[in-house]
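Q: Have a look; sequence and predicted model below, questions after that.
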Amino acid sequence: MLAIDVRDLRKQFNVQKNREGIGGALKDLFKREYTEVTAVKDISFAIPQGEICGYIGENGAGKSTTIKMLTGILVPTSGHIKVNGFVPHKEREKFVQGIGVVFGQRSQLWWDIGVIESFRLLRKVYGVGENDFKRLLDELVETLSLGELLNRPVRKLSLGQRMRCELAAALLHNPSILFLDEPTIGLDIVVKTEIREFLKRINRERGTTILLTTHDLQDIEALCSRVIMLDDGRIIYDGGLEELKTRWGKGREVVFTFGDAVRADRLAALTDGMDVKWSVGDAFTATVWIPLEINVSEVLSRVVGTMEISDIKIIETNTEEIVREIYRTGSAQTPEETLAGGGPSGGGPSSGGSAGTSAGTAADRGASDDIPAGDRSGNKADADSSADSSRPTARAEATKP
Ligand SMILES: Nc1ncnc2c1ncn2[C@@H]1O[C@H](COP(=O)(O)OP(=O)(O)OP(=O)(O)O)[C@@H](O)[C@H]1O
């Protein structure tokens, strides 16, 4: 069974317009005007059980809105969602038993009480039996090193400590799917690494499906074999991370430090007939750019046998640069494909992104009226969708061609 199945999913928000000045405010009192913001535009994707999938995109691309629909916090404008076989916003009570959610910018723990008390309350919310709770808690306390934190109030925890507790809280009922919205935001590299290791472990040992949004591409590199890239509410890439690197990578560079002074013409002669480009630094260093079609070892074998070499450095394709370039152009088509009018590869549906719809600013947002009525799961994030308004949503449209 698919863990997540999304077809033609769309979400529009009606955002109240604030007219300028006192006159405008008075007019607003009597007749409100609204604009429509389409945060998610008819996207489709499917995630099999046990997969860790990265969900990435620029600020305002629609990632959090998607996660909120997938977790039943927001009702879609149109389209179909099945998560664990349930329609999230319709079958909330049964549905939440099978999912765990961590919003990096918000807490699901009660601020003033001890961590363990929050965990006990969550046990009741999810109806976990005392024995199961003890077993799962012991396991999480050990793997996330929570022992010393359990009796401290949440407000006295550091961000990294709190995030470890948030993860435990999301997993206490042993969900099969974990939604993570920027789980490593603001954390130092040591805690980030611990959290990544922990996520790998629960995926390996429990088979937990993980959908992860993040701006830290190292999270994606460390955890995800697949990445879905969103731009302006549309999926512009759905496929493997390696495949993305291969398609967009512009080759590799090898930096040589030689034992003796070298000349550019000598180096060019060594790789005669190969489509590589040399650039000489000082007398002893030179860099060769090698396109993806040529094997690095072929170039190395020509140079190593002839020259005295004191150091070699191979510079691989940098994912951050690739992703930045894709965000900049708003399309995962390579420049060659764009010229040829071809579509991006990758597993899922995709359409070239456009810079069309302008994102509403945080101040524009009105309170959302499409949160499922009577909703109260253990996730405090549910309680306040308008809390989003504190988050930056400026889209870097100016960078689009
Ligand atoms: N409750 C809301 N009311 C009105 N507009 C909203 C609301 N929530 C999100 N939006 C708008 O929907 C668009 C997508 O926002 P969303 O928060 O999903 O983006 P994101 O990809 O998660 O961004 P970020 O990386 O900044 O968190 C933005 O234009 C945003 O202003």
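A: Everything's here; your move. Bear in mind the structure is a predicted one, so any value in this text is a computation, not a measurement.

Q: ok, stretch 186-206 near the ligand or not?
A: No. On the criterion CB under 6 Å from any ligand atom, stretch 186-206 is out of touch with the ligand, staying 13.5 Å away. C-beta coordinates here come from the backbone N, C-alpha and C atoms, glycine included.

Q: What residues sit buried inside that stretch?
A: The neighbour-count check on stretch 186-206 (16 or more other CB atoms under 10 Å) flags 187, 191-192, 194-196, 198-199, 202-203 as buried.

Q: Could you do stretch 50-69 as well?
A: Using 16+ other CB under 10 Å as the test for burial, stretch 50-69 gives 51-58, 60-69.

Q: Mind checking which of those residues land in strands?
A: 52-57 (DSSP state E).

Q: Looking at those, which one is closest to the ligand?
A: Proximity of those to the ligand (CB to the nearest ligand atom) peaks at residue 57, which lies at 5.2 Å.

Q: OK, contacts around the closest residue to the closest one other than its chain neighbours?
A: Once flanking residues are discounted, residue 57 sits nearest to residue 230: 3.5 Å by CB to CB, 6 or more residues apart in numbering. Residues near residue 230 by CB atoms under 8 Å, 6 or more residues apart in numbering: 43, 55-57, 61-63, 66, 236.

Q: got a pLDDT number for the closest residue to residue 316 other than its chain neighbours?
A: Nearest residue to residue 316 in three dimensions, chain neighbours excluded: residue 252, at 5.9 Å (CB to CB, 6+ apart). Residue 252 carries a pLDDT value of 82.

Q: Could you do residue 148 as well?
A: 91.

Q: now residue 186: how far from the ligand?
A: Counting by CB to the nearest ligand atom, to the nearest Å, the separation of residue 186 from the ligand is 14 Å.

Q: May I have the secondary structure class of that residue?
A: Assigned with DSSP: H, G, I helix; E, B strand; the rest coil, residue 186 falls in the coil class.

Q: show me the contacts for it.
A: Contacts of residue 186 by CB under 8 Å, 6+ apart are 104, 159.

Q: Swap in 6 Å and give it another go.
A: Contact analysis of residue 186 by CB atoms under 6 Å, 6 or more residues apart in numbering lists residue 159.

Q: beta partners for the most centrally placed residue in the chain?
A: Among the residues of the chain, the one closest to the centroid is residue 213, at 2.5 Å (CA atoms, centre = their mean). Beta-bridge pairing for residue 213 (DSSP bridges): residue 55, residue 181.

Q: Run through the protein and note the low-pLDDT ranges.
A: 332-401 (pLDDT under 70).

Q: what residues go with each domain of it?
A: 2-247+350-376+394-398, 251-315 (automatic domain parsing).

Q: hmm, who's touching the longest helix anywhere in the chain?
A: Using DSSP state H, we find that the single longest helix of the chain is helix 189-206. Here helix 189-206 makes contact (CB under 6 Å, 6+ apart) with 52, 160, 184, 208, 210, 222-223.

Q: Please apply the same query to stretch 156-175.
A: For stretch 156-175, the external contacting residues (CB under 6 Å, 6+ apart) are 98-102, 108-109, 115, 122, 126, 128, 136, 140, 144, 149, 186-187, 191.

Q: Now, those that are in strands?
A: Counted as lying in strands by DSSP E, out of the contacts of stretch 156-175, are 99-102.

Q: Format the residues you listed as JSON lines; extra columns: neighbour count and distance to residue 326.
A: Listed next are the ones in strands among the contacts of stretch 156-175 as JSON lines, based on neighbours: other CB atoms under 10 Å; distance: CB to CB, whole Å:
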{"residue": "99", "neighbour count": "26", "distance to residue 326": "30"}
{"residue": "100", "neighbour count": "28", "distance to residue 326": "30"}
{"residue": "101", "neighbour count": "27", "distance to residue 326": "28"}
{"residue": "102", "neighbour count": "24", "distance to residue 326": "26"}
